[in-house]
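> Have a look; sequence and predicted model below, questions after that.
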Amino acid sequence: MSVLPIIQSLEQLVLMHEELLNVSKEKTEVIKEGSVEKLQAILAKERKQIRKVEQVEDKRRVIVEEWFTSRNLSLEDMTISRILDGLEEEADKETIAAVTTKLTEVITALKQQEQLNQTLLNQSMQFVQLSLDVLQPSITKLNYGKQKNESERASRSIFDSQA
């Protein structure tokens, strides 16, 4: 079996992850705007893209299993390193290494972008909570002036016993 289907599936994964990265960048801008409706639309778009990535990943896994089976290699350790070790042609090795590196870079950028989005969402939630706290005073702050302790009030009696 040729290594070409593996290369094609990896290239397809790179493209899909780049599209997901673009959606994540759109999400960052929408979070900055504070538009809940736009954010919901972006999240729906993101879920669709994630499903597509999962489908391509499943196809890639099947292709790699077929490649390992055709070479009579163990299916337990299906890694890029093992694929590279099993290839004879340098051009194929270089192509797979380059595509794998690109995929790793895109996934790393996607993780960083999602961490930024998470930070922005947390800050937005903190701001909303602070705003709610300012608008809704607590019950203890509703009374004006000093509150007298019950012990001070109880120490005086109605009748003066020294008279």
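Cool, the structure landed.
> who's in contact with residue 16?
49, 52, 53, 56 (C-beta atoms under 8 Å, 6 or more residues apart in numbering). All C-beta spots, glycine's among them, are computed from the backbone N, C-alpha and C.
> Find the nearest non-adjacent residue to it, please.
residue 53 (4.7 Å; C-beta to C-beta, 6 or more residues apart in numbering).
> now swap in residue 32 and tell me
Nearest residue to residue 32, sequence neighbours excluded (C-beta to C-beta, 6+ apart): residue 120, at 6.8 Å.
> For the one you found, give me the pLDDT.
At residue 120, the pLDDT value in this model is 91.
> Also residue 42?
With respect to pLDDT, residue 42 has a value of 95.
> what comes up buried for the helix or strand containing it?
Element membership for residue 42 (DSSP states H and E) is helix 36-70. For helix 36-70, the neighbour count (16 or more other C-beta atoms under 10 Å) marks 39, 42, 46, 49, 53, 56, 60, 63, 64, 67, 68 as buried.
> cool, stretch 102-117 as well?
Buried positions in stretch 102-117, judged by neighbour count with 16+ other C-beta under 10 Å: 102, 103, 106, 110, 113, 114, 117.
> now the one helix or strand the third one maps to against helix 36-70, angle please.
It refers to residue 106. Element membership for residue 106 (DSSP H and E) is helix 90-135. Helix 90-135 and helix 36-70 meet at an angle of 150 degrees, taking axes from the mean of the first three to the mean of the last three C-alpha atoms, to 10 degrees as the criterion.
> where's helix 90-135 relative to the chain centroid, distance-wise?
Distance of helix 90-135 from the chain centroid (C-alpha atoms, centre = their mean, to the nearest Å) equals 6 Å.
> Thank you kindly, that will do.
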